[in-house]
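Asker: model this:
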Amino acid sequence: MSIAVFMTMSVKVNAIPPGYTLAKADEFNGTSLDTSLWIPAYLSCRTTEDRAAARYSFKDSCLVLRIDKDQPTYYPNNAMKVSSIQTGQRDYLHKDEFDHHIPTIMKYTPQYGYFEIRAKLVNQTGYHCAFWTVGRRDQSWQEAEIDIMEQFGNTAYSNFNFFPWDDKNLSQSSGGKTLPFNPSVGFHLYALEWDSKSIKFYVDDVLIKTVNQSLQYPAVFLLSIYENSGWTGSADLSASKYPREFYVDYFRTYAKDTNVTQAYTSKPGVVVDNTPRKMEVFDIRGCRLYLSQNKSTFGVRDIMAQSPPTGLYFIKTAKVEKVINP
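Answerer: Numbering: from 1, shown residues only. Predicted coordinates:
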């Protein structure tokens with residue numbers, strides 16, 4: 001059983017919508033890519049293996065997707081370069097371009113949830129970074145695309161697009177917004193809330209756009225950086241400008257938790273009186289803040305002693321007898 005408490009303290013917690021719990025996370029804290037989650041290639045049925053392969057490294061606890069000077073272009077007679085990782089692959093995954101057959105591999109293809117990255121982008125003419133998703137295409141028409149973030153060249157403008165492609169049940173909603181910061185200076189949050197009725201785009205926990213329609217099938221997620229994609233101007237190809245780098249601090253996903261109650265406002269001193277047994281406190285992003293064994297009472301002061309930031313917290317216990325508001 002879970003109950004939720006909300007505390008006002010001095011540090012901000014990122015505002016995951018209520019009712020979601022952490023489903024999957026890649027914090028990119030290691031030195032190798034998690035190949036149980038990611039495929040380090042971009043839509044590889046379209047081109048050769050070496051042209052589709054991602055260039056990447058790990059730095060400062062981040063995944064760094066790179067464009068290098070010596071990197072081959074994605075197509076033989078086209079200026080575009082791309083480094084991208086994705087959570088699934090198959091022939092014709094995105095649109096209908098095709099060069100050769102590849103195995104169908106689906107590592108992580110959820111349907112509905114809250115999906116977020118914290119990232120620092122390239123901000124130069126001829127480049128763009130993207131966090132996006134496409135339908136898994138179990139049926140040929142199931143290929144709608146959501147551009148959760150598609151940053152435009154050397155501006156603070158980002159697209160927040162919804163493209164149906166061959167899904168005749170949906171209609172296009174495209175367009176973007178100029179954001180109030182330089183996306184290459186510091187890290188920012190880019191997120192999608194997706195349910196059966198709508199999709200919502202967030203930047204730094206601010207709702208940017210709502211589309212009142214939704215794809216009704218699983219999707220593949222991608223993180224990508226492009227050079228000379230054809231719509232952001234011409235890149236400066238001098239050797240001193242490389243590498244171009246897209247930093248991703250984490251990728252986290254959340255699913256609706258039907259076992260978590262809605263939050264209530266409390267003040268220091270609220271006591272949760274329950275039977276002596278293990279209790280755990282999680283923040284809204286699913287990180288455990290506190291673990292208690294055989295404690296008969298558990299109060300907000302116990303959480304505050306751990307110095308958590310402001311936000312929504314879930315106290316998970318085997319049994320809750322009563323809640324006392326002194």
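Asker: so L65 touches E245, yeah?
Answerer: Yes: using Cβ atoms under 8 Å, L65 is in contact with E245, at 7.2 Å. Every C-beta, even on glycine, is put in place using the N, C-alpha and C of the backbone.
Asker: more neighbours: which of those two?
Answerer: Legend: neighbour count by other Cβ atoms under 10 Å for L65 and E245, higher for L65 (26 against 22).
Asker: so which helix or strand takes in that one?
Answerer: strand 62-67 (DSSP states H and E).
Asker: can you tell me the strand partners of that strand and which way each runs?
Answerer: Applying DSSP bridges, strand 62-67 is found paired with strand 55-59 (antiparallel), strand 244-256 (antiparallel).
Asker: buried residues, the first one. List them.
Answerer: So the one you mean is strand 55-59. Going by neighbour count (16 or more other Cβ atoms under 10 Å), the buried part of strand 55-59 is 55-56.
Asker: now it: average pLDDT?
Answerer: In this model, strand 55-59 has a mean pLDDT of 98.
Asker: ok, residues contacting that strand?
Answerer: Contact with strand 55-59 is made by 28, 30-33, 40, 63-68, 71, 83, 85, 243, 247, as judged by Cβ atoms under 8 Å, 6 or more residues apart in numbering.
Asker: next one: it to chain centre, how far?
Answerer: Chain-centre distance of strand 55-59: 18 Å, with Cα atoms, centre = their mean, to the nearest Å.
Asker: okay if I get the strands paired with strand 62-67 as JSON lines plus distance to T109?
Answerer: As requested, the strands paired with strand 62-67 are exported to JSON lines (distance: least, Cβ to Cβ, whole Å):
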{"stretch": "strand 55-59", "distance to T109": "21"}
{"stretch": "strand 244-256", "distance to T109": "11"}
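Asker: of all the ones you listed, which lies closest to P17?
Answerer: strand 244-256 (8.4 Å; Cβ to Cβ).
Asker: list the buried residues for that closest one?
Answerer: In strand 244-256, counting by 16+ other Cβ under 10 Å, buried: 244-255.
Asker: next one: stretch 136-149
Answerer: Quick answer for stretch 136-149 (16+ other Cβ under 10 Å): 136-137, 142-149.
Asker: what's the answer for stretch 30-46, then?
Answerer: Buried residues in stretch 30-46, counted by 16+ other Cβ under 10 Å: 33, 37-46.
Asker: alpha carbons only: can I get it in PDB?
Answerer: C-alpha atoms of stretch 30-46 as PDB (Å, rounded to 0.1, in the frame of the first residue of the first chain):
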ATOM      1  CA  GLY A  30      28.900   3.900 -16.900                       C
ATOM      2  CA  THR A  31      31.400   3.600 -19.700                       C
ATOM      3  CA  SER A  32      29.400   1.400 -22.100                       C
ATOM      4  CA  LEU A  33      26.000   1.600 -23.700                       C
ATOM      5  CA  ASP A  34      23.200  -0.500 -22.200                       C
ATOM      6  CA  THR A  35      22.600  -2.800 -25.200                       C
ATOM      7  CA  SER A  36      19.600  -4.400 -23.400                       C
ATOM      8  CA  LEU A  37      17.900  -1.000 -24.100                       C
ATOM      9  CA  TRP A  38      19.600   0.600 -27.000                       C
ATOM     10  CA  ILE A  39      20.700  -0.200 -30.600                       C
ATOM     11  CA  PRO A  40      23.600   2.100 -31.500                       C
ATOM     12  CA  ALA A  41      22.600   2.700 -35.100                       C
ATOM     13  CA  TYR A  42      20.100   4.900 -37.100                       C
ATOM     14  CA  LEU A  43      17.400   3.200 -39.100                       C
ATOM     15  CA  SER A  44      20.000   0.800 -40.500                       C
ATOM     16  CA  CYS A  45      17.800  -0.800 -43.100                       C
ATOM     17  CA  ARG A  46      18.200   2.400 -45.200                       C
END
